[in-house]
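K.L.:
no sequence on this one, just coordinates:
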């Protein structure tokens, strides 16, 4: 039996269907965010978008900063919170 940090058992093989679907959704959002960021980089670089505060810097450097910022902002941190709230609302509706 595998353990993580030598204290907790490895339960990755026993994921519920909800956990599996959430993992797939997170992966899809991540791939879509990377594709969009690459597209924004290419469009910004081809249109020669420069940093307004430093117009002497190259356009590709500014667009890399913009793309990385967008990729970091697109990480789906709120998905577990939304699912938890939806499940709790559903449970309270079932109780009533």
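P.N.:
Received the coordinates, thanks. Source: prediction; values computed, not measured.

K.L.:
What distance do you get for residue 85 to residue 66?
P.N.:
Distance, residue 85 to residue 66, using CB to CB, to the nearest Å: 32 Å. In this view, the C-beta of every residue, glycine as well, is placed from N, C-alpha and C.

K.L.:
Could you check which of the two is surrounded by more residues?
P.N.:
For residue 85 versus residue 66, neighbours defined as other CB atoms under 10 Å are more numerous around residue 66 (16 against 11).

K.L.:
and the more buried one, what is it in contact with?
P.N.:
Counting by CB atoms under 8 Å, 6 or more residues apart in numbering, residue 66 makes contact with 40, 41, 44, 49.

K.L.:
can you redo these as CSV with secondary structure, distance to residue 23 and pLDDT?
P.N.:
CSV is the format used below for those (DSSP: H, G, I helix; E, B strand; the rest coil; distance: CB to CB, whole Å; pLDDT from 0 to 100):
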residue, secondary structure, distance to residue 23, pLDDT
40, helix, 26, 92
41, helix, 27, 93
44, helix, 32, 91
49, coil, 35, 89
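
K.L.:
Kindly indicate whether the spatially most central residue of the chain is helix, strand or coil.
P.N.:
For the chain, residue 75 is the residue whose C-alpha lies nearest the centre (CA atoms, centre = their mean; 2.3 Å). Three-state assignment for residue 75 (DSSP: H, G, I helix; E, B strand; the rest coil): coil.
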